[in-house]
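*Asks:* Fold the following for me, if possible:
(one chain, ligands or ions: 2)
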Amino acid sequence: MTAGDGRTGAEALVAQLESYGVEYVFGLCGHTNIALLDAMSRSSIDFVVFRHEQTAAHAADGYARATGRPGVVLTHVGPGMMNAVTGVASAAMDSVPLVVISGDIPSYYHGRHPHQEVNLNADADQAAIYAPFVKRVWKPHRVEDLSRFTERAFWTATSGRSGAVLLSVPMDLFSRRLGPDWSVPALTEQAPAGSISEAVANDVAGALAHAERPLIYVGGGLRNPHGVAALTRLAEHLDVPVVHSLMAKGLLPDDHPLVMGMPGFWGLEFTNRYCKDVDVVLAVGTRFAETDASSWDPRFTWRIPPSRLFQVDIDPAEIGRNYPVEKGIVADATSALTAITEAAMKLTPDGRTDPSVRQANVESRSEAFDQIASFGDDISMPMRPERILADLGATLPSEAVLVTDVGWNKNGVAQRYRLPEQGRFITPGGSSTMGFGPAAALGVQMGWPDRVVVALIGDGGMSAQLPALPTAVERDLPVIFVVMNNAAHGTIADLQTSNFGSGYGCEFVDRDGNPYSPDFAALGRAVGADGYTVGAADELRKHLSAAIASRRPAVIDVPMLNEPVPTPGHWNITDIYGETFDGLSGQAGTADVNQ
Ligand SMILES: Cc1ncc(C[n+]2csc(CCOP(=O)(O)OP(=O)(O)O)c2C)c(N)n1
Ligand SMILES: [Mg+2]
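*Replies:* Ligands and ions are numbered 1, 2, ... in the order given. Okay, the predicted model is just below:
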């Protein structure tokens, strides 16, 4: 083999991405990556140019959530990598597979502090910025190593608990040539991840079957349709209610009589009460996040012990962190649920003491959903958030995808929106990143070109990712951006008002103290999208229908009252602000117990 007469590192990398089935690369250029872009221009890969790296990373994340395939992001060194951080970390915190490729400084300038290097602590230290949230970083030094590391990057992002990885490539490697006999290393094949022994499956199934008040608590770790099918069989056969984390809304149909919705801060009172008094919990692919556990205060959502916990997770670090387990089961969620279901089919539930659970659940959930629907003809202007959700529910086709941001949109939908069985809810769970919604929606639409995709966002979220708008137009993506506009970072303004008496610093006001908002519809039109302003409450459905019919990017600016999100669970920040929280015992002091 003679080095120097084969393809360049860039050409080899592009061929490798093609062979791994990569359709899109989401990113932004810089002098460190244009050699790769040049190679991509002669390939089947479509490079999607963004105007901000955070937008690119969220869009790649949205694409990965929609398709189940890893998103690929391309950034420039230094400021490019830093701009992408929020998007990459948001994906990582929701275990979404993302491969980030960055053009790095030229290898031969190492130690000389070349242009745009981040080096105030160590030379060429930019990859260290990603250390707290990526699964692994690769920094090839020789072009011969690039394809091996690329294979590792895809394998690592997609196997086990999926997540983000970084491949930081010195820019000169893109232009160096490989020998003529270079070939793409095959991507390591994934066998189904490990299951559990029959004995463990029997134990878990037995505990559920003989329990008085059992519960299955499922999280975003269960993504596979086979896993969902096993979960449904298990719950129905043993008559066990199912509670889901924020990330898992929509895994089972919202109107299934055993589905109790989400627990925690934004869970319904009925749901939290049920969770608190269960005797056996099977938790699958969930980390008992603070939001879903009412700040882990045993008076509100989970009391483990005395509840007995069986916890299944592919990541051992998630097991037993906040609650002690009777059995910590490190396994793939789908395989484990399948085995437990098989074991359960031989049993009959024999310990139940309260036959009214299903009925009470259906009533409680219907009450929450119907409460939203009851605002369907509310004529308040600015609109009430409930009416906005009611209008969406009444107008969107059943297979529409709701991509939310943070604020009333995320919490209101998670708690009170009856998601149709074919619908999808996509939200930033772990990081709750304001700005996720508008940008992730682009990638979701690219993954599902035929579906109606709504970015349901606040005015804060839209403002945080305005660069998403021109890209939607440029790429002809018919995303409907519904801006719930209360001229405020409303969720935080509400918190601040209830704890400190004013919304100072959280509301958008002009120099005279009057509410201020950009004209989002005009901003939409300025970039070439359709723009609608809702002037009266009954106009929203009309504008939504027009936007759905036109299949063009559209911005609908919806003036909205700043209403606090109903928080039937408990969030102990109120105690922390009031200095009534004893962090050592983990107990609130004087705060009200709202149950
Ligand atoms: C990037 C980022 N910055 C700050 C926050 C804290 N935060 C949570 S909700 C929120 C307000 C969001 O405002 P908006 O999008 O207008 O929605 P609203 O709360 O008004 O419904 C903020 C600032 C965050 N989650 N993410
Ligand atoms: Mg707002």
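*Asks:* Output the host helix or strand of Gly412 as PDB, restricted to C-alpha atoms.
*Replies:* Using DSSP states H and E, the element containing Gly412 is helix 408-416. The C-alpha trace of helix 408-416 is given here as PDB (Å, rounded to 0.1, in the frame of the first residue of the first chain):
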ATOM      1  CA  TRP A 408     -47.000  26.300  29.700                       C
ATOM      2  CA  ASN A 409     -46.600  24.500  26.400                       C
ATOM      3  CA  LYS A 410     -44.600  21.500  27.800                       C
ATOM      4  CA  ASN A 411     -46.200  21.200  31.200                       C
ATOM      5  CA  GLY A 412     -49.700  21.900  30.000                       C
ATOM      6  CA  VAL A 413     -49.500  19.300  27.200                       C
ATOM      7  CA  ALA A 414     -47.900  16.700  29.400                       C
ATOM      8  CA  GLN A 415     -50.500  17.100  32.100                       C
ATOM      9  CA  ARG A 416     -53.700  17.900  30.300                       C
END
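*Asks:* by contact count, what packs against the following helix or strand past that helix?
*Replies:* Elements were assigned by DSSP H and E; along the chain past helix 408-416, the next helix or strand is strand 424-426. Strand 424-426 sits against helix 53-67, strand 401-404, with contacts defined as 3 or more C-beta pairs under 8 Å, 6 or more residues apart in numbering; DSSP states H and E. The way it works is simple: take the backbone N, C-alpha and C, and place the C-beta from them, glycine included.
*Asks:* Heading C-terminal from the first one, find the next helix or strand.
*Replies:* Read that as helix 53-67. strand 71-75.
*Asks:* buried residues in stretch 342-349?
*Replies:* If you call a residue buried by 16 or more other C-beta atoms under 10 Å, then stretch 342-349 has these buried ones: 342-344.
*Asks:* Sorry, wrong one. I was asking about stretch 106-113.
*Replies:* Using 16+ other C-beta under 10 Å as the test for burial, stretch 106-113 gives 106-107, 109.
*Asks:* Any idea how far apart the tips of that stretch sit?
*Replies:* 10 Å (C-alpha to C-alpha, to the nearest Å).
*Asks:* do the same with stretch 238-251
*Replies:* OK, stretch 238-251 end separation, C-alpha to C-alpha: 19 Å.
*Asks:* cool, and stretch 430-444?
*Replies:* This stretch, stretch 430-444, spans 19 Å end to end (C-alpha to C-alpha).
*Asks:* Please compute how far that stretch lies from its chain's middle.
*Replies:* 8 Å (C-alpha atoms, centre = their mean, to the nearest Å).
*Asks:* Stretch 383-399 now?
*Replies:* With C-alpha atoms, centre = their mean, you get 21 Å for stretch 383-399.
*Asks:* quick check: mean pLDDT across that stretch?
*Replies:* The average pLDDT for stretch 383-399 rounds to 97.
*Asks:* Excluding sequence neighbours, find me the nearest residue to whichever residue of the chain sits closest to ligand 2.
*Replies:* For the chain, the residue closest to ligand 2 is Gly458, as judged by C-beta to the ion, at 3.6 Å. Spatially, and ignoring its direct neighbours in sequence, Gly458 is nearest to Gly407 (4.0 Å; C-beta to C-beta, 6 or more residues apart in numbering).
*Asks:* residues contacting the one you found?
*Replies:* Neighbouring residues of Gly407 by C-beta atoms under 8 Å, 6 or more residues apart in numbering: 434, 457-458, 460-461, 484, 489-491, 565.
*Asks:* Dump those residues to TSV, plus secondary structure, neighbour count and distance to Asp315.
*Replies:* Formatted as TSV, the contacts of Gly407 follow (DSSP: H, G, I helix; E, B strand; the rest coil; neighbours: other C-beta atoms under 10 Å; distance: C-beta to C-beta, whole Å):
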residue	secondary structure	neighbour count	distance to Asp315
Met434	coil	23	27
Ile457	strand	32	30
Gly458	strand	27	32
Gly460	helix	25	32
Gly461	helix	28	29
Met484	strand	30	34
His489	coil	25	33
Gly490	helix	26	34
Thr491	helix	23	30
Val565	coil	20	30
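*Asks:* circling back: give me the beta-bridge partners of the residue of the chain closest to ligand 2?
*Replies:* Beta-bridge partners for Gly458, by DSSP bridges, are Met484.
*Asks:* distance of it from ligand 1?
*Replies:* According to C-beta to the nearest ligand atom, to the nearest Å, Gly458 and ligand 1 sit 2 Å apart.
*Asks:* For the closest residue to ligand 1 within the stretch 51-200 of the chain, list the residues it contacts.
*Replies:* Closest residue of the stretch 51-200 of the chain to ligand 1, C-beta to the nearest ligand atom: Thr86 (6.5 Å). Counting by C-beta under 8 Å, 6+ apart, Thr86 makes contact with 54, 57, 431, 433, 435.
*Asks:* same thing but 7 Å
*Replies:* 54, 433 (C-beta atoms under 7 Å, 6 or more residues apart in numbering).
*Asks:* Now do the SS call for it.
*Replies:* Of the three states, Thr86 takes helix under DSSP: H, G, I helix; E, B strand; the rest coil.
*Asks:* Next: Ser168.
*Replies:* Going by three-state DSSP: Ser168 is strand.
*Asks:* That one: neighbour count?
*Replies:* Counted with other C-beta atoms under 10 Å, the neighbours of Ser168 add up to 23.
*Asks:* go on, the one 10 residues further on?
*Replies:* Close neighbours of Leu178, defined as other C-beta under 10 Å, add up to 21.
*Asks:* Hmm, it is touching Ala10, no?
*Replies:* No: counting by C-beta atoms under 7 Å, Leu178 does not reach Ala10; the two are 10.5 Å apart.
*Asks:* ok, now which ones touch the residue nearest the centre of the chain?
*Replies:* For the chain, the residue nearest the mean C-alpha position is Pro428 (3.4 Å; C-alpha atoms, centre = their mean). Residues near Pro428 by C-beta under 7 Å, 6+ apart: 90, 94, 406, 436.
*Asks:* what's downstream of the host helix or strand of the first one, the next helix or strand?
*Replies:* Assigning secondary structure by DSSP H and E places Ser90 in helix 79-93. Read in the C-terminal direction, the helix or strand following helix 79-93 is strand 98-104, with elements assigned using DSSP H and E.
*Asks:* strands paired with that next one, and their directions?
*Replies:* Strand 98-104 has these partner strands in its sheet, going by DSSP bridges: strand 71-75 (parallel), strand 164-170 (parallel).
*Asks:* Now mean pLDDT and distance to ligand 2 too, for those strands, in CSV please.
*Replies:* Converted to CSV, the strands paired with strand 98-104 look like this (pLDDT from 0 to 100; distance: least, C-beta to the ion, whole Å):
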stretch, mean pLDDT, distance to ligand 2
strand 71-75, 98, 28
strand 164-170, 98, 28
